[in-house]
Structure formats: structure tokens, C-alpha cells
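1. quick one, structure for this:
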Amino acid sequence: MAGITRSALEQMFPLDVGYWIDAEGNRRYGNYMGVVPPRVLLHRYRYRASNLPTSRFPVDVELSFGDPNPQSSEKDMQKAPVFMGAFLTRDYSEKAQRHR
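-> Take a look at the predicted model:
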């Protein structure tokens, strides 16, 4: 989806920018997860959704952006990364620990 930027998504959704939570529950600083080659350079960013009063579970968010083809000869080619998708997962571990 062209025209959707990472900063626009960070402002639109309640994301805690600057860190994410790994599978063991540890806070990892930074959101950029690097590039995955070979054909499309896929940039991944991970976040923890902000804890709101209506939140029942913590939610982890991963945003993916793809680079346009740098070898394209099209003059109207999109130059900015293109939003590829969002992957949301619930973290049940905190709730499970509270109910033990």
C-alpha cells in the first residue's frame, strides 16, 4: 500500500515507540529489526501496543515495509518504502502468570 508511512502508523495507533518485548518477556530497545533480502528488501519494525484501560492482554505489533525495485526504469516508480502489512499477536503470558 503506497503512501502509508511508518511514522503515520506510529501516530495513528497507540504504540509504545522505542522498544518491543521478546518471547521471554524481556524489553528490547529499538524498533528496527533489519532487512530481509533477496528480491524485496523487507524492513521490519516491532512494537508493544500501549497499555490502555480497556486492554485485556498486551499486544505485540510488527510492521513490514518493502523497498521499491531500485533497478526499475519506470519514471513514476514509488521511491519510498511501501507498507506491506501488520502482524498483531496477543501476549497471554502476563495474564496466565496472574491467574496461577
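2. so where is this protein shaky, pLDDT-wise?
-> By pLDDT under 70, the low-scoring segments of the chain are 1-2, 37-40, 69-78, 94-100.
3. does residue 43 have any beta-bridge partners, and if so which?
-> Taking DSSP bridges as the rule, residue 43 bridges to residue 35, residue 65.
4. how far away is it from residue 81?
-> As for residue 43, its distance to residue 81 is 6 Å (criterion: Cβ to Cβ, to the nearest Å). All C-beta spots, glycine's among them, are computed from the backbone N, C-alpha and C.
5. which residues do these two both contact?
-> 65-67 (Cβ atoms under 8 Å, 6 or more residues apart in numbering).
6. are any of those buried, and which?
-> 65-66 (16 or more other Cβ atoms under 10 Å).
7. spatially nearest residue to residue 15 (excluding sequence neighbours)?
-> Leaving aside its chain neighbours, residue 15 sits nearest to residue 47 (4.2 Å; criterion: Cβ to Cβ, 6 or more residues apart in numbering).
8. could you do residue 17 as well?
-> Nearest residue to residue 17, sequence neighbours excluded (Cβ to Cβ, 6+ apart): residue 10, at 5.5 Å.
9. what's the neighbour count on the one you found?
-> For residue 10, the neighbour count with other Cβ atoms under 10 Å is 17.
10. picking up where we left off before, with distance to residue 52 as extra columns, can I get the shared contacts of residue 43 and residue 81 in TSV?
-> TSV is the format used below for the shared contacts of residue 43 and residue 81 (distance: Cβ to Cβ, whole Å):
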residue	distance to residue 52
65	26
66	30
67	33
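11. run through the helices of this protein in chain order.
-> With DSSP state H as the criterion, the chain has helices at 6-12, 93-98.
12. using PDB, list the CA coordinates for the first one.
-> Put plainly, it is helix 6-12. Provided in PDB are the C-alpha atoms of helix 6-12 (Å, rounded to 0.1, in the frame of the first residue of the first chain):
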ATOM      1  CA  ARG A   6       5.800   4.100   9.500                       C
ATOM      2  CA  SER A   7       5.600   7.400  11.300                       C
ATOM      3  CA  ALA A   8       1.900   7.800  10.300                       C
ATOM      4  CA  LEU A   9       1.200   4.300  11.700                       C
ATOM      5  CA  GLU A  10       3.100   5.100  14.900                       C
ATOM      6  CA  GLN A  11       0.900   8.200  15.400                       C
ATOM      7  CA  MET A  12      -2.400   6.600  14.300                       C
END
